[in-house]
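Asker: I would like to see how this sequence folds:
(one chain, ligands or ions: 1)
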Amino acid sequence: MKLNVAYFLLLLTATVTFVNSCTPSDREALLSFKSGLTEPYIGLFNSWTGNDCCSNWAGVTCDPTDGRVNDIILRGESEALEKTGRSGYMTGSLSPSLCKLDRLTTLIVADWKTISGEIPACITTLPHLRILDLIGNQLTGSLPSDIGKLTKLTVLNVADNRLTGPVPPSIVDLSSLMHLDLSNNKLSGELPKDIGKLKMMSRALVNHNELTGTIPESISEIYRLADLDLSSNQLTGSIPSKLGSMPVLSTLNLDSNKLSGEIPVSILSNGGLNIVNLSRNGLDGYLPDVFTAGSYFSVLDLSFNKLKGAIPKSLTAARYIGHLDLSNNHLCGSIPLGFPFDHLEASSFDNNDCLCGSPLMRIC
Ligand SMILES: *[C@@H]1O[C@H](CO)[C@@H](O)[C@H](O)[C@H]1NC(C)=O
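Answerer: Modelled structure (predicted):
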């Protein structure tokens, strides 16, 4: 009896092992992907040999029940790599053969520095894709125009590449998207007006591109958005005041654009907004006197604008202000006494029209 059980288990193990091994078409697709790339230092692809792509192919994971490839995770920067003292470096391009892996849920080919060429347009035909992370390469061309077809996508990260063209209007159809990072590319054109449809999004980083047009007001409808960075673009128009009433927004970086108009009161009176950088725009008008004991700013950088009038007395009521920069504006009058002004340096107030009092040398 015991022997029978053992025999049965042996048979079962054999069966499972058989099911485990990779399907020949997935293996073919992986090998074409590999042949498009050269990784000279680590020997990452040395493990990509033999029939079973599901066991011991570095960075490849399969569904154990059917031997289809689920994940490709190849990171050029990791702690493990750093310990070996070697750095990830790969040349070549991303083969469209990837699109034959139609069970792919995760595609991470990140920080290889010199992978070039375009993002294969057929990537939008991968219906199960949840994570697409191609950060830190030299990809060119544009984002696929029908990227909105990837309705399961939760992470889209193509930061630190050389992508051109627009942010595709279809991006607003990525109804599962939580984390969007398009920063440090050369994307141009306007942000889609209806970007507020991305209801799941909690981080949106589109800084350091060449975007024009205005900040879509619909962004304020993204109730989960905690981190918005549109800095270093060519955005014009005023700051939508509704951005200041977003429930969980804590970081708002709009610096280095061409924004004009006044700073909305709501942005300075929202107790949850802790990091605000509006530096290097054309913002004018007076600084609203709306700070309270609920004000808590680790960073409030309003430097290099056209703000006029006095520094609001209510700033001394703030619970905390770490870094305050009001330099390079047209402010005038005496710098209030007490916290936070007693721990700030003169550089926070330099180059205004007629500010006076400590920490400036000019006596009132
Ligand atoms: C705010 O943005 C400006 C311009 O982009 C930058 O130079 C500055 O360092 C930022 N301020 C802080 C505190 O990060």
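Asker: closest residue of the stretch 201-350 of the chain to the ligand?
Answerer: For the stretch 201-350 of the chain and the ligand, the shortest gap (CB to the nearest ligand atom) falls at D255, measuring 3.4 Å. (C-beta placed from N, C-alpha, C; glycine too.)
Asker: so what's the residue count around that residue?
Answerer: Neighbourhood size, D255 [other CB atoms under 10 Å]: 22.
Asker: surely N305 meets Y286?
Answerer: No - when contacts are counted by CB atoms under 8 Å, N305 is not listed as touching Y286 (11.8 Å).
Asker: these two: who's more crowded?
Answerer: N305 (26 against 13).
Asker: residue contacts, T91?
Answerer: L37, T38, T114, I115, S116 (CB atoms under 8 Å, 6 or more residues apart in numbering).
Asker: hmm, I was thinking of S241
Answerer: With CB under 8 Å, 6+ apart, S241 has these contacts: P264, V265, S266, I267.
Asker: export those residues to TSV and tack on neighbour count and pLDDT?
Answerer: Rendered in TSV, the data for the contacts of S241 read as follows (neighbours: other CB atoms under 10 Å; pLDDT from 0 to 100):
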residue	neighbour count	pLDDT
P264	18	97
V265	13	97
S266	19	97
I267	23	97
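Asker: quick check: the two most widely separated of these?
Answerer: Greatest spacing in the contacts of S241, by CB to CB: V265 and I267 (7.4 Å).
Asker: quick one, strands of the stretch 251-364 of the chain?
Answerer: Along the stretch 251-364 of the chain, counting by DSSP state E, counting those that start in this stretch, strands occupy 251-253, 260-261, 275-277, 282-286, 296-301, 306-309, 320-325, 330-334, 354-356.
Asker: list the buried ones in the fifth one?
Answerer: Meaning strand 296-301. F297, V299, L300, D301 (16 or more other CB atoms under 10 Å).
Asker: which residues in this structure form helices?
Answerer: 2-20, 24-35, 79-84, 265-269 (DSSP state H).
Asker: ok, which residues in the chain are in contact with the ligand?
Answerer: Neighbours of the ligand within the chain, by CB under 6 Å from any ligand atom: S231, D255, S256, N277, S279, R280, V299, D301, H323.
Asker: dump these into JSON lines; add pLDDT as well.
Answerer: Shown next, in JSON lines, are those (pLDDT from 0 to 100):
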{"residue": "S231", "pLDDT": "98"}
{"residue": "D255", "pLDDT": "98"}
{"residue": "S256", "pLDDT": "98"}
{"residue": "N277", "pLDDT": "98"}
{"residue": "S279", "pLDDT": "98"}
{"residue": "R280", "pLDDT": "98"}
{"residue": "V299", "pLDDT": "98"}
{"residue": "D301", "pLDDT": "98"}
{"residue": "H323", "pLDDT": "96"}
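Asker: what's the most distant pair in these?
Answerer: S256 and H323 (16.8 Å).
Asker: can you tell me, leaving aside adjacent residues, what's nearest to S25?
Answerer: Leaving aside its sequence neighbours, S25 sits nearest to K100 (CB to CB, 6 or more residues apart in numbering; 6.5 Å).
Asker: the one you found reaches L30, doesn't it?
Answerer: No - look at K100 against L30 with CB under 8 Å: they stay out of range, at 9.3 Å.
Asker: of those two, who's got more company?
Answerer: Set K100 next to L30 and count neighbours by other CB under 10 Å: L30 wins out with 24 against 19.
Asker: chain neighbours aside, what residue packs nearest to the more buried one?
Answerer: Closest residue to L30 apart from its sequence neighbours, by CB to CB, 6+ apart: C53 at 5.4 Å.
Asker: got the contact list for that neighbour?
Answerer: Here C53 is in contact with C22, D26, R27, L30, V60, C62, V69 (criterion: CB under 8 Å, 6+ apart).
Asker: could you do L205 as well?
Answerer: A159, L180, D181, L182, S183, D227, D229 are the contacts of L205 under CB under 8 Å, 6+ apart.
Asker: so which of the residues you listed comes closest to the ligand?
Answerer: Set against the ligand, the nearest of these by CB to the nearest ligand atom is D229 (10.5 Å).
Asker: mind checking how far T61 is from L254?
Answerer: 40 Å (CB to CB, to the nearest Å).
Asker: with G76 instead?
Answerer: Relative to L254, G76 is positioned 31 Å away (CB to CB).
Asker: now do L180
Answerer: From L180 over to L254 (counting by CB to CB), the distance is 16 Å.
Asker: any idea which helix or strand of the chain has the worst average confidence?
Answerer: helix 2-20 (a mean of 45; mean pLDDT, DSSP states H and E).
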